[in-house]
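with the sequence up front, the predicted model follows.
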Amino acid sequence: MPDLFDTPPDPAAAPKEAPRPLADRIRPQSLSEVIGQEHVLGPEGPLGAMLAAGSLSSVIFWGPPGVGKTTIARLLAHASDRHFVQVSAIFTGVPELRKVFDAAKLRRQQGKGTLLFVDEIHRFNKAQQDSFLPWMEDGTILLVGATTENPSFELNAAVLSRAQVIVLERLSLADLERLAQRAEKTLGRALPLKAPAREALLEMADGDGRALLNLIEQVMAWKVAAPLDTDALSTRLMRRAAKYDKSGDEHYNLISALHKSVRGSDPDAALYWFARMLEGGEDPRYLARRFVRMAVEDIGLADPQAQSHALHAWEVYERLGSPEGELALAQTVIYLALAPKSNAGYMAYKAARALAKKSGSEPPPKHILNAPTRLMEEQGYGAGYAYDHDAEDGFSGQNYFPDTVRRPVLYSPVERGFERELKKRVDWFAKLREKRNS
């Protein structure tokens, strides 16, 4: 009697006339045939080292679609002589998981281990994830999870503590070319494409091996008299949409790249990531808000106009909308990237908040307190206050911190942009203060 949730019969056993997708026909039969992921499967890689030592442990594959997560899991089961069972978190609940665990327990009693591959494991809720723990701990199952989302945010700490996270990378153009050559060998003929069109086809796959094989199947089905150029290929094929999830990892990865490119004063890179986010469908208003933050956090008083520029571009976008208003945002990207940078104001603010938290409820010194009543005068409120406009240079040099707080230096302007002028003023007042106090 077959086990529940076992892998479907091997397609190779199907009748020869049954159509099989190209991706299945050229599926690797051993880990050495896997294209890409050398950093994981090589002798020094985590999986390579595990297999060499004969001590395979539970793992979580984190990576984009079409990079071999399912294929590697199947081959790991074969290499470790375990029964392969695959479930999807989208279609499986706790009752179904119990059946899987019961079958794995029975299989273990018969001397056969089970490698349970869970696709989209991040879609399981906490209770479902917790159900894996006892079976992982007693060795009933070896868990191999696959996720496109950051495991740190999507998986329970208990699961992560019992499994090693392994990052799989998108396939490079060289990897995709090797995959295309393997497909041509299997199909017995070359792609009917000129060299530039062939490169364009690889780029259309966007690092996804499965997507490339699907594209190759389409191209191979065409009846053409001569190899096609790039324009002809683009006419027949739609470019694959860039991978972008406005609420997932790609969103945070790209805004991080954009912000750091602006901070690093690289307008070309900043424009590129700005365009990538727009192409992915990001809301321009979100980007406008982030530009204001960049102006405040990374430019500050080195260029006081940066904040106004970012706010004005936001206003222009609200009035014009897309696509015209996006040009104003693009110009802001350039302006912010080329502006002098300083986080001195940001650091001063954080230091002030830390000092305020530490000093608690210390009152201001009495000489800077108003005394609207006689009682307050008798208590010394306002006594000894020096009116700065009456002092030499319009500066009294008095202490304005609580009496118990030693005067700190919170704001340290940099020698860039407008803060050069502010630094001169800070230094000037410091000298006057020292002179007055002496």
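Ah, there it is.

number of nearby residues for residue 60?
24 (other CB atoms under 10 Å). (Each C-beta comes from the backbone N, C-alpha and C, glycine too.)

for the host helix or strand of it, name the packing helices and strands.
According to DSSP states H and E, residue 60 maps onto strand 59-62. Counting by 3 or more CB pairs under 8 Å, 6 or more residues apart in numbering; DSSP states H and E, the packing neighbours recorded for strand 59-62 are helix 69-79, strand 142-147, strand 164-167.

mind putting the ones you listed into a markdown table with mean neighbour count, mean pLDDT and distance to residue 29?
Listed next are the helices and strands packed on strand 59-62 as a markdown table, based on neighbours: other CB atoms under 10 Å; pLDDT from 0 to 100; distance: least, CB to CB, whole Å:
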| stretch | mean neighbour count | mean pLDDT | distance to residue 29 |
| --- | --- | --- | --- |
| helix 69-79 | 20 | 94 | 8 |
| strand 142-147 | 24 | 95 | 18 |
| strand 164-167 | 16 | 93 | 21 |
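
let me have these in TSV, extended by distance to residue 41.
As requested, the helices and strands packed on strand 59-62 are arranged in TSV below (distance: least, CB to CB, whole Å):
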stretch	distance to residue 41
helix 69-79	7
strand 142-147	14
strand 164-167	10
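
low-confidence ranges, the protein, go.
Scanning the chain for pLDDT under 70 picks out 1-18, 238-249.

looking at it, which residue lies furthest from center?
Residue farthest from the centre of the chain, counting by CA atoms, centre = their mean, is residue 374 at 62.7 Å.

what strand or helix carries the residue nearest the centre of the chain?
Nearest residue to the geometric centre of the chain (CA atoms, centre = their mean): residue 253, 3.1 Å. Assessed by DSSP H and E, residue 253 sits inside helix 249-263.

swap in residue 328?
Here residue 328, judged by DSSP H and E, is contained in helix 324-338.

buried stuff in the following helix or strand past that helix?
Toward the C-terminus, helix 324-338 is succeeded by helix 344-359 as the next helix or strand (DSSP H and E). Burial within helix 344-359, assessed by neighbour count using 16 or more other CB atoms under 10 Å, is assigned to 344-345, 348-349.

kindly export the helix or strand hosting residue 429 (C-alpha atoms) in CSV.
Assigning secondary structure by DSSP H and E places residue 429 in helix 419-437. These are the backbone C-alpha positions of helix 419-437, laid out as CSV (Å, rounded to 0.1, in the frame of the first residue of the first chain):
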residue,chain,number,x,y,z
GLU,A,419,28.0,72.9,7.8
ARG,A,420,31.4,74.4,7.2
GLU,A,421,29.9,77.7,8.1
LEU,A,422,28.0,76.2,11.1
LYS,A,423,31.2,74.7,12.4
LYS,A,424,32.8,78.2,12.3
ARG,A,425,30.0,79.5,14.4
VAL,A,426,30.1,76.5,16.9
ASP,A,427,33.9,77.0,17.3
TRP,A,428,33.4,80.8,17.7
PHE,A,429,30.8,80.5,20.4
ALA,A,430,32.9,77.8,22.2
LYS,A,431,35.8,80.3,22.4
LEU,A,432,33.6,83.1,23.6
ARG,A,433,32.0,80.7,26.2
GLU,A,434,35.5,79.8,27.5
LYS,A,435,36.5,83.4,27.6
ARG,A,436,33.3,84.5,29.5
ASN,A,437,33.6,81.6,32.0
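
which strands and helices sit next to that helix?
Partner elements for helix 419-437 (3+ CB pairs under 8 Å, 6+ apart): none found.

who's in contact with it?
By CB atoms under 8 Å, 6 or more residues apart in numbering, the surrounding residues in contact with helix 419-437 are 300-302, 340, 342, 344, 391, 393, 395-398, 411-415.

roughly how far is it from the heart of the chain?
43 Å (CA atoms, centre = their mean, to the nearest Å).

now that helix: buried residues?
By neighbour count with 16+ other CB under 10 Å, helix 419-437 contains the buried residues 419, 422-423, 426, 432-433.

what angle do helix 344-359 and that helix make with each other?
If you take axes from the mean of the first three to the mean of the last three CA atoms, to 10 degrees, helix 419-437 sits at 40 degrees to helix 344-359.

can you get me a residue count around the nearest residue to residue 272 once chain neighbours are set aside?
Spatial nearest neighbour of residue 272, excluding adjacent residues (CB to CB, 6 or more residues apart in numbering): residue 261 at 7.7 Å. Using other CB under 10 Å, residue 261 has 21 neighbouring residues.

so what's residue 261 up against?
Neighbouring residues of residue 261 by CB under 8 Å, 6+ apart: 269-270, 272-273, 337.

tell me the most packed of these, by neighbour count.
Counting by other CB under 10 Å, residue 270 has the largest number of neighbours within the contacts of residue 261, with 26 neighbours.

from residue 432, how far off is the residue lying closest to it once chain neighbours are set aside?
Of all residues not flanking residue 270 in the chain, residue 261 sits nearest, at 4.0 Å (CB to CB, 6+ apart). Distance, residue 261 to residue 432, by CB to CB, to the nearest Å: 41 Å.

do residue 173 as well
Distance, residue 173 to residue 432, using CB to CB: 63 Å.

hmm, residue 39 is touching residue 169, no?
Yes. With contact defined as CB atoms under 8 Å, residue 39 counts as touching residue 169 (7.3 Å).

closest to residue 134 out of the helices and strands packed on strand 59-62?
strand 142-147 (11.8 Å; CB to CB).

neighbouring contacts of that closest one?
Residues outside strand 142-147 that contact it (CB under 8 Å, 6+ apart): 56-62, 69-70, 73, 76, 80, 82, 113-122, 132, 136, 154-155, 159, 162-163.

need the buried ones from these selected in PyMOL.
Remark: buried members of these, expressed as a PyMOL selection using 16+ other CB under 10 Å:
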select buried, resi 56+58+59+60+61+62+69+70+73+76+80+82+113+114+115+116+117+118+119+120+121+122+132+136+154+155+159+162+163
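
parallel or antiparallel, list what pairs with the strand holding residue 60.
Using DSSP bridges, strand 59-62 pairs in its sheet with strand 142-147 (parallel), strand 164-167 (parallel).

can you give me the angle the longest one makes with helix 69-79?
Orientation of strand 142-147 against helix 69-79 (the same axes, to 10 degrees) gives an angle of 170 degrees.

so the spatially closest residue to residue 351 that is not a sequence neighbour: helix, strand or coil?
In this structure, residue 351 finds its nearest non-sequential neighbour in residue 410, 4.7 Å apart by CB to CB, 6+ apart. What DSSP: H, G, I helix; E, B strand; the rest coil gives for residue 410 is coil.

let the chain start at 14 from now.
Fine by me, first position is 14 from now on; the one you just mentioned is residue 423.
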